[in-house]
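Asks: Predicted model and sequence below, questions to follow.
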Amino acid sequence: MRPDARSYDLDDLRRRVMHEQGGAVDDSIPELADADDDLCALALVLPDGTIRTSAQAAVPFSVQSAVKPFLFALALLDTQGEALDLVGIEPTGEAFDAIKLESGTGRPPNPMVNAGALLTASLVDGENVEERDERILRGLSAFAGRSLEVDESVARNEHLLGDRNHALAHLMRAEGTLHLSADDAVAVYARACAVLVDAEALAVMGATLACGGVNPVSGERVVPQSVARDVVSVMATCGVYDGSGRWMREIGIPAKSSVSGAIVLSAPGRLGAAAVSPPLDEQGTSVRGRVACDALSAELDLHAFGTAAS
C-alpha cells in the first residue's frame, strides 16, 4: 500500500533539509544574487486538488528555467505539434547554456536547455514580442490556476545581461532555425523567466502536467494529454541537464531545475510538487531541493521505476 500524500508533513521535511548548508546562490543577475539563502519552501498538489504546503510556500520568486517545460507545452499546443520537428529531444551531457546546436539540423538539442527554450518561446502564438509575452503569461497562469505577473526588473536584467542567450539566438538565426530577430527572441524568453511564482503555484503547474494537462485545482484543461505526455517525457530525460540520468536513477520523478533554486516535479497520475531553496550545486540544482525531492520520492514511493504495489 502506497503512503498517503494527504497526510505528509512538509514542514517536518523542511526542517530536515534546512540542515543542508552547501551550495551557492546564482549571481548571473543582481536579483538572483540577492536571494535569501534561508528561503526553503515545499508544496505538493494531488489529482483531486488537495494542496499541501510548508512554511514560506507563498514567498514569490522568478520562475527562471523552471518555465521551460511550460514553454515547450505552449509551443506544442500553438504549433499543433510542429515544435517537435523544430527542436530536438535528446539530452546533451553539457551545460544548459552551451553554445551548441544539433549537427546537421541546426536545431536546439532539446527544449530544456537555453537554446531550446529560446526557440519554443518564439513559437508561441503572437505577431510580435508583446503578443507573445501576453500569450505566455496567460498560458502560465492557466497552468498555475491563478493570475501571474512579471518582475520587470528581472526581465530587464535577463535581457540586458544574457550574452550567451544572445549568442545562441544569433547562431540559430544563422542556421535558419529561429525566425524572430535574436533580440526579440531573447526579450520574449527573458520575460518568461521573470514570471513570479511561489512554491504552491509551481506545484500546481507541475500537477497540471502530471494530470494529463488538466489543472487539478481549477479543473481547466490547459493542454491536451498528448502534449502533457511529451513534456513530462522530456523532463525525465533532460530536465536536470547533464545530471538527468543520475536524477532519474536516484529520485525517479520527472523534474525541471532552475537557477532561482526551484525544482518542479511531475509524477504522472500521482502528484505535482515544488521545492525552492536558492543555494545551488555545481550543476545548477538546488542543494536542499534535491535532498527534499529524494525524500519525497522514497517516503511517498514516487520513483517511476519502483516496484511497490499501487
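Replies: Looks like it came in fine.

Asks: What segments of the stretch 51-200 of the chain are strands?
Replies: Shown for the stretch 51-200 of the chain, the strands assigned by DSSP state E, counting those that start in this stretch span residues 51-53, 61-62, 149-150, 195-197.

Asks: Would you tell me which of those gets closest to Gly306?
Replies: The minimum distance between Gly306 and those falls on strand 51-53, with 20.8 Å, by C-beta to C-beta. Any C-beta I mention is one placed from the backbone N, CA and C, and that applies to glycine too.

Asks: Start and end of stretch 22-35, how far apart?
Replies: End-to-end distance of stretch 22-35 (C-alpha to C-alpha, to the nearest Å): 15 Å.

Asks: Over to stretch 2-12?
Replies: End-to-end distance of stretch 2-12: 19 Å, with C-alpha to C-alpha as the criterion.

Asks: from the strands of the stretch 51-200 of the chain, which stretch is densest packed?
Replies: Each of the strands of the stretch 51-200 of the chain was scored by mean neighbour count; the highest is strand 61-62, a mean of 26, by mean count of other C-beta atoms under 10 Å.

Asks: Which residues does that one contact?
Replies: With C-beta atoms under 8 Å, 6 or more residues apart in numbering as the test, strand 61-62 has contacts from 31-32, 35, 39, 151, 154, 193-198, 260-262, 276.

Asks: Check stretch 136-151 too.
Replies: Contacts of stretch 136-151 (C-beta under 8 Å, 6+ apart): 31, 62-63, 67, 70-71, 73-74, 77, 121, 124, 133, 188, 191-192, 194-197, 201-202, 204-205, 208-209, 215, 217-218, 220, 222.

Asks: Only the buried subset of the contacts of strand 61-62, as a PyMOL command please.
Replies: A single PyMOL command selects the buried members of the contacts of strand 61-62 (16 or more other C-beta atoms under 10 Å):
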select buried, resi 31+32+35+39+151+154+193+194+195+197+198+260+261+262+276
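
Asks: taking the contacts of strand 61-62 one by one, which sit in helices?
Replies: The members of those that map onto helices under DSSP state H are Glu31, Leu32, Val154, Cys193.

Asks: Would you map the helices across the stretch 1-150 of the chain?
Replies: Applying DSSP state H, counting those that start in this stretch to the stretch 1-150 of the chain gives helices spanning 10-17, 30-33, 68-78, 83-86, 114-123, 129-144.
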